[in-house]
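**Student:** coordinates for the following, if possible.
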Amino acid sequence: MASFEDIAAGFQMVGRDGRLELLLEYSDKLPPLPEAYQELREAGLNMVHECQSPVFLRPEVRDGTVRIIADVPRNAPTARAFVSILHEAFDGATPEAVAAATDYPLRDLGLANLLGAQRTQGLSAIYQRMKHAVAERSHTPIASDSADSA
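**Tutor:** Here you go, the predicted structure:
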């Protein structure tokens, strides 16, 4: 598990084209959806409807540890890559680490000005869904200055 800050630092070290390339590399890193969650996905539960891509996202907290269970089709590489980054950064983290995480993930990754408004809104919705679900399931308040994460 790499911290979100470490992942963001890697994005900041490369130029615009390098960031987009690095983002797409993450689309291959999302682990497959565990079989136990396939029925939920097929039923349309835990979908991030604000995103144009069909994103299944079910953050859980077990024994004080965050688990990011997610599925995004390969034909939605940007959303899949972003969810993969969230998985890499927060699966195995504490709820407090998720609560304290950046309010501006796309800015911190250097992607805010590279993606269109609709895509930015969808990815921001994915991030907010993750943070709020972890906070709700762990009873950990979100340490946030703003609800806008773009």
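
**Student:** distance check, residue 60 against residue 18.
**Tutor:** The spacing between residue 60 and residue 18, counted by CB to CB, to the nearest Å, is 34 Å. C-beta here means a position set from N, CA and C on the backbone, and glycine is covered the same way.

**Student:** go on, residue 55?
**Tutor:** With CB to CB as the criterion, residue 55 and residue 18 are 25 Å apart.

**Student:** more crowded one of those two?
**Tutor:** Using other CB atoms under 10 Å, the more surrounded residue of residue 55 and residue 18 is residue 55, with 26 against 13.

**Student:** now that one. Nearest residue, chain neighbours left out?
**Tutor:** Once flanking residues are discounted, residue 55 sits nearest to residue 48: 4.2 Å by CB to CB, 6 or more residues apart in numbering.

**Student:** quick one, strands of this structure?
**Tutor:** 56-62, 65-71 (DSSP state E).
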